[in-house]
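A.B. asks: Fold the following, please.
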Amino acid sequence: MAITSTWLKVFGSGNVYLMDGGTPGGLTAIQKFETGHETQALEVALAQVRLSGFPVPGTFKSATDVGQDTALPVVSMELAEVTSTWLRLCANGDVYLMCDNTALQKFITDNEAAKLRAVLDDITDGDFPFPGTFQLASADTSSEANIMLVVSSPAIQVTVRSSGSSFFAQVNGSTQFFVGKRVSFRPRPGVTLFGLRNIESSGAVRYQPEDWVEKFGFWAFFILPITKVESAGGLFHCLNTYDRARFTIGFLQYAAHVANGDFVKFFRKVLSTPLGQSYFPDLTLVGGIIHQIVNGNTVSLEVPNSKGELGQLMAYLNPSLDRVDDVEVVQAAKFVHLIDQHKAIQELQVSCGVDHIKTALKLYDSKLALDGVSDRVCLVIVDIFHQGRSKFATVREILNDFVGDKDGAYDRLIRIGAANFSERVNGLDGAIKSLVAQGKLGGKTYSKSQGEFV
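C.D. replies: Numbers count the residues shown, from 1 in each chain. Below is the predicted model of the structure:
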């Protein structure tokens with residue numbers, strides 16, 4: 001939801017509503033003020049946001065004419081994207097109405113949740129212009145936390161349809177988009193699994209290192225070859241729901257079945273944002289762990305089953321591999337739309353991906369002694385184990401045979417798995433050589449002490 005300003009709607013009755021929207025035609029009323037047509041009272045309401053402790057101040061402008069039903073811009077915040085409005089509860093009892101990360105209005109609650117409830121109840125008065133969906137998430141006021149949520153726009157609505165083996169969706173009446181195609185997969189003779197695959201690139205967003213080099217430096221280029229071979233050229237929304245992981249998403253293919261794995265870490269970060277909550281309102285984080293809200297209670301989705309897999313999370317995303325379920329299509333649609341439409345979520349993917357590969361290299365160093373090994377050799381090693389096409393013993397033997405001969409080591413390592421995975425191996429080799437030719441790769445070695453390439 002693109003929002004560039006927050007403004008006041010003033011009624012002839014004297015009621016004033018803080019509105020959340022880009023134009024005075026606007027979206028959702030957030031808070032009601034009683035001003036009695038007095039400009040001074042309105043000024044006082046705005047001045048409250050400048051009180052001591054104001055968390056993230058915005059730019060506030062005064063309204064002058066409050067004598068008739070009208071909409072007067074009062075706040076110009078230049079926000080690129082606002083996903084929800086919520087309450088920040090501070091340990092001293094102050095409550096701030098927040099628009100993403102900008103405080104709009106301060107309330108005094110004396111740590112009494114009942115007073116906060118009264119604030120929420122007040123906005124349901126008769127002439128409340130554009131009611132939203134409001135939730136009081138918790139009454140715990142013992143510490144400073146973002147635990148009181150006010151969702152200014154309802155949870156997203158997903159509609160899906162099928163055409164042959166293809167599935168499409170709309171989110172809140174958006175333009176229809178492709179979710180995935182029903183495919184079958186035979187992991188072994190006599191076993192056939194069914195699910196969705198989305199490697200559709202039309203209108204999709206691909207990973208481009210130039211978009212991320214300012215934040216992630218060398219690593220933005222280091223991960224590029226892996227994304228190219230892992231996700232149909234680096235598609236952020238690349239999806240499959242047909243194998244044992246039940247749900248795999250992203251440019252590095254984060255798989256849902258692994259406890260504390262890359263998918264789980266990514267999904268936790270998504271759910272920690274107001275945007276993630278609007279797509280998955282039935283999920284929450286409890287102690288940093290993904291929980292589902294069921295009949296008012298929270299149930300962890302991160303308890304490993306007898307196989308060590310996250311069966312409950314897998315079932316939440318994709319109930320069955322025997323068929324393509326409605327739940328599976330809806331959850332897939334949420335992820336595809338969330339990823340394609342919001343750069344902040346793409347950034348979470350990149351951040352998680354870089355962290356994952358940095359951590360993986362530390363593990364591989366402990367097994368293979370990679371200190372001083374060239375960046376392109378390390379990159380091949382990362383991809384080998386990311387896909388799982390060899391074992392440490394094989395890689396260690398090659399590194400030992402070619403100590404000091406980085407070209408020889410590279411040539412041997414890049415051919416591992418070529419007989420069965422020629423497309424991936426050739427694509428990886430081509431992408432690495434392209435980066436070397438551009439001067440983006442080939443000039444650094446891995447530093448064990450720093451966990452970086454130097």
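
A.B. asks: Show me the longest helix that occurs in the protein.
C.D. replies: When the chain is parsed with DSSP state H, its longest helix is helix 343-368.

A.B. asks: If you count contacts, what does that helix end up packed against?
C.D. replies: helix 213-216, helix 218-222, helix 262-271, helix 274-279, helix 326-341, helix 375-387, helix 392-401 (3 or more Cβ pairs under 8 Å, 6 or more residues apart in numbering; DSSP states H and E). Where C-beta positions appear, they are placed from N, C-alpha and C, glycine not excepted.

A.B. asks: I'd like those as JSON lines, with mean pLDDT and mean neighbour count appended.
C.D. replies: Converted to JSON lines, the helices and strands packed on helix 343-368 look like this (pLDDT from 0 to 100; neighbours: other Cβ atoms under 10 Å):
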{"stretch": "helix 213-216", "mean pLDDT": "94", "mean neighbour count": "13"}
{"stretch": "helix 218-222", "mean pLDDT": "97", "mean neighbour count": "21"}
{"stretch": "helix 262-271", "mean pLDDT": "94", "mean neighbour count": "21"}
{"stretch": "helix 274-279", "mean pLDDT": "80", "mean neighbour count": "22"}
{"stretch": "helix 326-341", "mean pLDDT": "94", "mean neighbour count": "21"}
{"stretch": "helix 375-387", "mean pLDDT": "96", "mean neighbour count": "23"}
{"stretch": "helix 392-401", "mean pLDDT": "95", "mean neighbour count": "14"}
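
A.B. asks: Minimum distance to residue 418: which of the ones you listed has it?
C.D. replies: Ranking the helices and strands packed on helix 343-368 by proximity to residue 418 (Cβ to Cβ) places helix 375-387 first, at 11.4 Å.

A.B. asks: does residue 452 have beta-bridge partners, and which?
C.D. replies: Beta-bridge partners recorded for residue 452 (DSSP bridges): residue 447.

A.B. asks: Quick check: buried residues in the one helix or strand residue 429 maps to?
C.D. replies: Counting by DSSP states H and E, the element that carries residue 429 is helix 422-438. Across helix 422-438, burial judged by 16 or more other Cβ atoms under 10 Å covers 424, 425, 427, 428, 429, 431, 432, 433, 435.

A.B. asks: what's near enough to touch the last one?
C.D. replies: By Cβ atoms under 8 Å, 6 or more residues apart in numbering, residue 435 lies in contact with 221, 224, 225, 441, 442.

A.B. asks: In three-state terms, label the residue nearest to residue 165 when sequence neighbours are not counted for me.
C.D. replies: Nearest in space to residue 165, with sequence neighbours left out and distances taken as Cβ to Cβ, 6 or more residues apart in numbering, is residue 182 at 4.2 Å. Of the three states, residue 182 takes strand according to DSSP: H, G, I helix; E, B strand; the rest coil.

A.B. asks: From residue 273, how far out is residue 182?
C.D. replies: 31 Å (Cβ to Cβ, to the nearest Å).

A.B. asks: Ok, residue 345 next?
C.D. replies: 8 Å.

A.B. asks: Who has more neighbours out of these two?
C.D. replies: Higher neighbour count among residue 345 and residue 273: residue 345, with 23 against 17, using other Cβ atoms under 10 Å.

A.B. asks: OK, contacts around that one?
C.D. replies: Counting by Cβ under 8 Å, 6+ apart, residue 345 has contacts 270, 275, 276, 338, 339.

A.B. asks: quick one: it and residue 269, what's the gap?
C.D. replies: Counting by Cβ to Cβ, the gap from residue 345 to residue 269 is 9 Å.

A.B. asks: Overlap of the contact sets of these two?
C.D. replies: residue 276.

A.B. asks: Distance to residue 171 for the helices and strands packed on helix 343-368 - can I get that in a markdown table?
C.D. replies: Formatted as a markdown table, those follow (distance: least, Cβ to Cβ, whole Å):
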| stretch | distance to residue 171 |
| --- | --- |
| helix 213-216 | 28 |
| helix 218-222 | 29 |
| helix 262-271 | 15 |
| helix 274-279 | 8 |
| helix 326-341 | 5 |
| helix 375-387 | 31 |
| helix 392-401 | 44 |
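
A.B. asks: out of these, nearest to residue 310?
C.D. replies: Among the helices and strands packed on helix 343-368, helix 262-271 comes nearest to residue 310, with 7.1 Å by Cβ to Cβ.

A.B. asks: quick one: low-confidence parts of the stretch 101-250 of the chain?
C.D. replies: Along the stretch 101-250 of the chain, segments meeting pLDDT under 70 span 101-155, 203.

A.B. asks: Can you get me a residue count around the nearest residue to residue 218 once chain neighbours are set aside?
C.D. replies: In space, and not counting its chain neighbours, residue 218 is closest to residue 453: 5.8 Å by Cβ to Cβ, 6+ apart. Residue neighbour count, defined by other Cβ under 10 Å, stands at 20 for residue 453.

A.B. asks: give me every residue that touches residue 453.
C.D. replies: Contacts of residue 453 (Cβ under 8 Å, 6+ apart): 218, 222, 375, 378, 444, 445, 446, 447.

A.B. asks: Buried residues of stretch 184-201, list them for me.
C.D. replies: 185, 193, 194, 195, 196, 197, 198, 200.

A.B. asks: Name the residues that touch it?
C.D. replies: The contact list for stretch 184-201, computed with Cβ under 8 Å, 6+ apart, reads 167, 178-183, 231-233, 235, 237-244, 246, 318, 321-324, 328-329, 332, 336.

A.B. asks: hmm, 7 Å instead?
C.D. replies: By Cβ atoms under 7 Å, 6 or more residues apart in numbering, the list of residues contacting stretch 184-201 from outside reads 167, 178-183, 232-233, 235, 237-243, 318, 321-324, 328, 332, 336.

A.B. asks: Just the buried residues of the residues you listed.
C.D. replies: In the contacts of stretch 184-201, the ones that pass as buried (16+ other Cβ under 10 Å) are 167, 178-182, 232-233, 235, 237-242, 318, 321, 324, 328, 332, 336.

A.B. asks: any idea how far the nearest residue to residue 212 once chain neighbours are set aside lies from residue 210?
C.D. replies: Of all residues not flanking residue 212 in the chain, residue 220 sits nearest, at 4.3 Å (Cβ to Cβ, 6+ apart). Applying Cβ to Cβ, the value for residue 220 to residue 210 is 8 Å.

A.B. asks: Could you do residue 175 as well?
C.D. replies: Between residue 175 and residue 210 the computed distance is 27 Å (Cβ to Cβ).

A.B. asks: Same check on residue 427?
C.D. replies: Residue 427 is 20 Å from residue 210, by Cβ to Cβ.

A.B. asks: ok, now residue 363?
C.D. replies: Applying Cβ to Cβ, the value for residue 363 to residue 210 is 29 Å.

A.B. asks: swap in residue 184?
C.D. replies: In terms of Cβ to Cβ, residue 184 sits 38 Å off from residue 210.

A.B. asks: got the buried residues for the longest helix of the chain?
C.D. replies: 345-346, 348-354, 356-357, 361, 364-365, 368.

A.B. asks: ditto for stretch 162-174
C.D. replies: Of the residues in stretch 162-174, those buried under the neighbour-count criterion (16+ other Cβ under 10 Å) are 167, 168, 169, 170, 171.
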